[in-house]
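Novice: Here is the input, now give the coordinates:
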Amino acid sequence: MPTRLSAALSILLCAVVAAAALVVTRPAAAGAATGGFDFTRVQVATTGLRVPWGMDFLPDGSALVSERDTATIAQVRPGSPPVRVATVPNVTPGGEGGLLGIALSPTFTQDQLVYAYISTGSDNRVVRFRLSAPQTQQPILTGIPRGQSRNGGRIAFGPDGMLYVATGDAGYPSIAQSSPLGGKILRITRDGAVPMTNPFAGSPVYSYGHSNVQGLAWDEAGRLYATEFGQNTTDEINHIQPGRNYGWPACEGVCGSSNVANPLVTWSSAEASPSGLAYANSTLFAAALGGKRLWTVPVSGGNRTGAPVAELQERLGRLRTVAVGPDGWLWVATSNRDGRGTVGPGDDLIVRIPPIGPSGPGTSPSAGPSPSSPGGSSPGGSAPCPSPASSPSPSPSPSPSPSPSPSVSPSSSVSPSPSASADAAPSLSPSPSPSPSPSPSPSPSPSPSPSPSPSASPCPSPTPSPSPSPSPSPSPSPSPSPSPSPSPSPSPSPSPSPSPSFVVTRSCEATIRFHLSMAAAPWGELTVRNTGTVPITSWTVTFTVPSGLTYVQWNGSNPPGSTVTVTQNGLLSPGASVTVTFRIGWSGGAVGSPSPITCTAR
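Specialist: Numbering: from 1, shown residues only. This is a model prediction of the structure:
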């Protein structure tokens with residue numbers, strides 16, 4: 001049985017600098033990895049959550065995550081602790097109720113609306129509000145039966161722009177076949193009205209005969225799938241069709257009646273208890289609570305096409321939520337603090353699984369820092385660091401603690417988080433490094449001289465480099481060549497003698513990369529590196545949207561040929577870099593270079 005996460009929780013951040021490039025991520029060949037994702041390179045995105053339940057993504061690529069029992073919404077950026085950004089009023093946690101599913105408005109950039117499925121003292125309901133003013137709450141759909149358990153709770157906007165609401169029978173099985181809203185999948189407009197295209201005139205009911213639905217996902221053709229808890233024996237994944245009866249409580253699993261839709265796949269509760277559901281690469285991904293695994297189910301045309309495969313089995317504990325992020329990675333949240341799990345170090349946490357890249361597993365870049373195994377790299381260990389030309393040699397320091405690394409939002413200032421954080425956790429499993437790289441961060445060893453030992457750094461140096469002698473002068477030169485000279489000047493001229501003084505320069509460079517995928521939403525990546533000699537706290541990047549993209553979305557929609565200016569705040573040390581993601585539109589054609597790119601540091 002694979003071991004759970006190590007109690008030594010740390011993150012070693014690597015500064016990434018890359019030339020402007022167009023990165024095209026195509027679907028991998030069948031069989032390359034489970035569902036097109038590399039489960040040997042699981043990365044911890046964040047830790048310290050309390051029963052994360054719902055998840056959706058902001059335009060900047062960060063995730064909003066609802067916490068069931070605290071009624072709070074946390075913002076998650078990979079490699080940083082969660083930031084609580086809102087507390088939702090009128091929530092009455094208890095049993096399996098509380099703040100459950102969340103979904104962002106399809107026009108979030110214009111209206112800033114967040115939708116949530118909440119449990120009150122008398123019912124379950126769907127409300128909407130703005131993150132900046134959650135107390136100004138508008139009920140959208142009320143009167144969904146509430147129980148101590150079996151409350152359903154997943155909500156999601158479908159490809160048709162309608163809001164789908166998954167409910168449970170609240171412990172009263174008969175209501176799944178009668179008029180109350182429990183035990184059903186509901187379909188409403190974003191204002192809560194009943195669409196005229198619903199299967200039952202004047203009713204929000206889209207399908208019925210469900211026991212407890214907690215997962216919704218659509219394929220590229222708009223077909224809807226749902227996970228469903230059984231009550232006694234059998235859990236299911238169903239292909240949902242409008243107006244169909246799915247059999248509960250007359251039967252669990254396969255019913256054998258032409259009047260009842262049979263499931264695509266069934267499991268025992270010990271194997272599954274499925275909650276969240278996601279779709280990518282002709283595969284459904286179901287997060288299993290009781291089964292403590294992620295089920296992957298190949299599907300096509302509304303039918304199962306292969307045997308389910310279990311991933312992450314017994315490695316993370318109970319799994320509640322799974323989603324494909326705008327970065328193209330698979331995000332998975334645990335639920336070990338829900339009263340039924342065994343709480344481990346860092347729980348509850350979110351991990352990300354990378355897609356298979358064009359050159360093999362795990363080559364798609366991370367939208368944030370990549371956690372590494374405790375104590376540095378080991379043979380076969382994860383190596384998220386850049387090539388030798390990408391970062392400077394660190395100055396020697398007797399301190400075992402590396403300098404703060406930035407966590408940046410394009411919309412607000414964010415406090416830097418330390419590279420070694422008690423709120424971060426290591427990779428779950430080692431994997432080979434794509435290329436040897438020098439460490440851009442100080443050794444965790446208290447020795448004042450850098451050591452070439454692999455145990456001192458997750459990024460082994462490909463060639464020996466001299467150890468710089470201690471000096472009161474920092475050495476933030478962006479030059480890739482190691483040098484024992486204490487001079488921080490980027491000039492190639494040698495310094496005649498050590499000097500405590502240096503030239504103060506504030507400068508930065510920026511790169512843009514576009515990730516174009518036919519299997520997941522395309523996305524862009526902006527990397528900024530401090531090329532000066534002192535820390536900077538703000539930088540402005542300007543670039544032109546290339547031809548071939550339908551838009552670049554950064555606080556608005558920018559058509560091809562338009563100029564985009566992005567100002568960010570955060571602490572960025574000399575030689576350090578930060579990467580943030582943003583949404584783009586792409587119709588499948590050729591894309592030009594995103595130039596010119598300028599960066600101004602302050």
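Novice: Can you give me the neighbour number for residue 95?
Specialist: Burial measure for residue 95: 14 neighbouring residues, criterion other Cβ atoms under 10 Å. Just so you know, the C-beta spots here come from the backbone N, C-alpha and C atoms, and that holds for glycine as well.
Novice: Spatially, which residue comes closest to it, not counting chain neighbours?
Specialist: Counting by Cβ to Cβ, 6 or more residues apart in numbering, residue 148 is the residue found nearest to residue 95 once chain neighbours are left out, at 3.7 Å.
Novice: Residue 282 too?
Specialist: Residue 282's closest residue in space is residue 300 (Cβ to Cβ, 6+ apart), at 5.6 Å.
Novice: Phi and psi next, for that neighbour.
Specialist: Residue 300 adopts backbone torsions of phi -160, psi 130, taken as degrees, to the nearest 10.
Novice: Distance of it relative to residue 277?
Specialist: Counting by Cβ to Cβ, to the nearest Å, the gap between residue 300 and residue 277 amounts to 16 Å.
Novice: More neighbours: which of those two?
Specialist: residue 277 (27 against 13).
Novice: Now do the SS call for that one.
Specialist: Look at residue 277: counting by DSSP: H, G, I helix; E, B strand; the rest coil, its state is strand.
Novice: Just list the residues touching it, thanks.
Specialist: Residue 277 sits next to 154, 215-217, 225-227, 237, 284-287, 322 when contact means Cβ atoms under 8 Å, 6 or more residues apart in numbering.
Novice: which among those residues gets closest to residue 569?
Specialist: The closest of these to residue 569 turns out to be residue 322 (Cβ to Cβ; 32.4 Å).
Novice: Determine the longest strand present in the protein.
Specialist: Using DSSP state E, we find that the single longest strand of the chain is strand 133-144.
Novice: Could I get the buried residue list for that strand?
Specialist: Neighbour counts using 16 or more other Cβ atoms under 10 Å place 134, 137, 140, 141, 144 of strand 133-144 among the buried residues.
Novice: how about those in JSON lines, adding distance to residue 354 and pLDDT?
Specialist: Output for the buried residues of strand 133-144, formatted as JSON lines (distance: Cβ to Cβ, whole Å; pLDDT from 0 to 100):
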{"residue": "134", "distance to residue 354": "33", "pLDDT": "96"}
{"residue": "137", "distance to residue 354": "37", "pLDDT": "97"}
{"residue": "140", "distance to residue 354": "36", "pLDDT": "97"}
{"residue": "141", "distance to residue 354": "37", "pLDDT": "98"}
{"residue": "144", "distance to residue 354": "37", "pLDDT": "98"}
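Novice: secondary structure class for residue 109?
Specialist: At residue 109 the chain is in helix, as set by three-state DSSP.
Novice: Now it: closest residue in space, sequence neighbours ignored.
Specialist: In space, and not counting its chain neighbours, residue 109 is closest to residue 59: 5.7 Å by Cβ to Cβ, 6+ apart.
Novice: Dihedrals phi and psi, that neighbour?
Specialist: Taking degrees, to the nearest 10, you get phi -60, psi -30 for the backbone angles of residue 59.
Novice: Relative to residue 557, how far out is it?
Specialist: For residue 59 relative to residue 557 (Cβ to Cβ), the value is 10 Å.
Novice: One more: residue 167?
Specialist: Taken as Cβ to Cβ, the span from residue 167 to residue 557 is 35 Å.
Novice: Output the below-cut-off pLDDT ranges for the stretch 151-300 of the chain.
Specialist: Within the stretch 151-300 of the chain, not a single segment meets pLDDT under 70.
Novice: That one: strands as residue ranges?
Specialist: Taking DSSP state E, counting those that start in this stretch as the criterion, the stretch 151-300 of the chain carries its strands at 155-157, 163-166, 184-188, 205-208, 213-218, 224-228, 234-240, 265-268, 274-280, 283-288, 293-300.
Novice: Quick check: which of those strands is nearest to residue 572?
Specialist: Across those, residue 572 has its closest neighbour in strand 274-280 (33.3 Å, Cβ to Cβ).
Novice: how far off strand 293-300 does the closest one point, in degrees?
Specialist: Relative orientation of strand 274-280 versus strand 293-300 (axes from the mean of the first three to the mean of the last three Cα atoms, to 10 degrees): 40 degrees.
Novice: Adjacent strands (with direction) for strand 274-280?
Specialist: Within its sheet, strand 274-280 is paired with strand 283-288 (antiparallel), according to DSSP bridges.
Novice: which residues touch the closest residue to residue 140 other than its chain neighbours?
Specialist: Nearest non-adjacent residue to residue 140, counting by Cβ to Cβ, 6+ apart: residue 192, 3.8 Å away. With contact taken as Cβ under 8 Å, 6+ apart, residue 192 is in contact with 126, 139, 140, 141.
Novice: Quickly name whichever of the residues you listed is closest to residue 328.
Specialist: Among the contacts of residue 192, residue 126 lies closest to residue 328 (Cβ to Cβ), at 29.1 Å.
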